[in-house]
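1. no sequence on this one, just coordinates:
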């Protein structure tokens, strides 16, 4: 029913149960079963351990991607600097050709031909500069929330039991079904799956 379960932590064996299931026995689809807190915590911890090891692997991939991006940014920046210098040289060359033509030391046809070649090269270099700018500003395919979760997973990876800080960091919801089936929903679950896909198809 997606309602918050009732609980009693004061008894010797702490328990959870569905209020509606116990109060409306036979009139509701909810179970009247009483669940031990330790069983639910154990199931949540096992599920969380799997999620943490997935995040740990993801963190390694995120670091590799970061390293790759840093190197790509550096390369793009160096290329852009070289291209900007070349553009400056080409514009200077174009100016010199015009001066030669104006001074009568360069024939009109030769000037037109050289100018056309120079303009074509300028256009190419400008395109390469724009491409380098795009490469220089390429961002990670991993959202910040996922990166933070993967980083945080490192702290909990070797935990031996479920703690409140683990729950608040990673658990969105825990659903308990008839027969004791437990489904754990993690925070950023879809974003994490998307990040794994993006990193491995990039």
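-> Everything's here; your move. Owing to the predicted nature of the structure, the values given are computational and were not obtained by experimental measurement. Numbering: from 1, shown residues only.
2. Lowest average confidence across helices and strands of this protein, where is it?
-> Least confident helix or strand of the chain, by mean pLDDT, DSSP states H and E, is helix 19-23 with a mean of 70.
3. who does the following helix or strand past that helix pair up with?
-> Scanning forward in sequence from helix 19-23 by DSSP states H and E, the next helix or strand is strand 34-36. Next to strand 34-36 in the sheet, as set by DSSP bridges, lie strand 15-17 (antiparallel).
4. tell me the SS of the most centrally placed residue in the chain?
-> Residue closest to the average C-alpha location in the chain (Cα atoms, centre = their mean): residue 142, at 1.2 Å. Recorded secondary structure, residue 142: coil (DSSP: H, G, I helix; E, B strand; the rest coil).
5. got any ranges where the protein has weak pLDDT?
-> 21-23, 25-29, 202 (pLDDT under 70).
6. Skipping its backbone neighbours, what lies nearest the residue nearest to the centre of the chain in space?
-> residue 195 (4.6 Å; Cβ to Cβ, 6 or more residues apart in numbering). (Glycine included, C-beta is placed from N, CA and C.)
7. where exactly do the helices run in the protein?
-> All helices of the chain, identified by DSSP state H, fall at 19-23, 37-102, 108-136, 144-156, 164-170, 189-201.
8. Format those helices as CSV; extra columns: mean neighbour count.
-> Putting these into CSV (neighbours: other Cβ atoms under 10 Å) gives the following:
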stretch, mean neighbour count
helix 19-23, 16
helix 37-102, 15
helix 108-136, 14
helix 144-156, 17
helix 164-170, 15
helix 189-201, 14
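9. With respect to residue 11, which of those helices lies nearest?
-> helix 37-102 (10.0 Å; Cβ to Cβ).
10. and that closest one, what other elements does it pack with?
-> Judged by 3 or more Cβ pairs under 8 Å, 6 or more residues apart in numbering; DSSP states H and E, helix 37-102 is in contact with strand 15-17, helix 108-136, helix 144-156, helix 164-170, strand 171-176, strand 182-186, helix 189-201.
11. So the residue nearest to residue 142 sits against residue 141, correct?
-> Yes: the criterion here is Cβ atoms under 8 Å, and residue 195 meets it with residue 141 at 6.8 Å.
12. circling back: which residues does the residue nearest to residue 142 contact?
-> Residues near residue 195 by Cβ atoms under 8 Å, 6 or more residues apart in numbering: 58, 62, 141, 142, 143, 146.
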